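Okay, sequence plus prediction incoming.
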Amino acid sequence: MSKKKPLTAALFLSALFIGWPASALFAQRLGADAVLSGLTTLHPVFRYTEDGTPRPGGPEVRQLLSDVQGVLAGAGITIVGSAEFERLMGARSYPIGVLEMDVSMSGHPELDLKSYLLSLRIKQAVFLTRKPVVNFLGTTWESTDFGVAKDLTFVRGVARDAAGRFIQEWSAQNAR
C-alpha cells in the first residue's frame, strides 16, 4: 500500500466521523414558523448522480424515491405527477409544493466505500409583497445529509430519516 492510500483513508474516515453528527444540524426551516402550514400536496423531483455523472437510476434508486414518497403519503401528504402539478400551480391559492431530492455518490475504490450527499428541499410558490403578480418557487424547508456508505441501501435509510424530519415539522404546523 502506498503512503497516499492510508492518508486518503484517514481523511475519508475523519470526514465520516466529523460529518455524521453535523448532518442533522443542517436541517432547517427557512423563514417564518408557519411556512409548512396548510401544505397538502407535493410533486417529487429527483436527481441522482454517481461520480459526477447524472444517472437515470435503476431499481435501487427508484426504491429510494418510493421510500420517501411512502413516508410522505403515510403522513397524509398527496403526491402528484408533473401534469397535475402544472394544473394545480395555475390555481394560485392551491397548497402545493415541490419536493426536490438530490443524491450524489462518489466511489472510493481503495476503501470499497462511497461518499454521499443527500439534499431534500421543499419549494413553494412565493409572491413578492410589493408586486404580487411576481411569483417563483422558493425553498421553505431544507435538509442536507452527508457521509460514507457501502452502497445505496444505507442512503435509502438516510433519505427516510430526512423525510421523517420534514414530517415532524410539517405535523407540528398542521395539527389535526
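Structure received.

Stretch 110-117: which residues count as buried?
Residues of stretch 110-117 classed as buried by neighbour count (16 or more other Cβ atoms under 10 Å): Leu113, Lys114, Ser115, Tyr116, Leu117. Quick note: C-beta positions are derived from backbone N, CA and C, even for glycine.

Redo those residues as a markdown table? Include pLDDT, secondary structure and distance to Asp102.
As requested, the buried residues of stretch 110-117 are arranged in a markdown table below (pLDDT from 0 to 100; DSSP: H, G, I helix; E, B strand; the rest coil; distance: Cβ to Cβ, whole Å):
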| residue | pLDDT | secondary structure | distance to Asp102 |
| --- | --- | --- | --- |
| Leu113 | 90 | strand | 20 |
| Lys114 | 92 | strand | 15 |
| Ser115 | 94 | strand | 14 |
| Tyr116 | 95 | strand | 11 |
| Leu117 | 96 | strand | 8 |
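
contacting residues for Ala75?
Ala75 is in contact with Ile167, Trp170, Ser171, counting by Cβ atoms under 8 Å, 6 or more residues apart in numbering.

Narrow those to just the buried residues.
When the contacts of Ala75 are checked against 16+ other Cβ under 10 Å, the ones flagged as buried are Ile167, Trp170.
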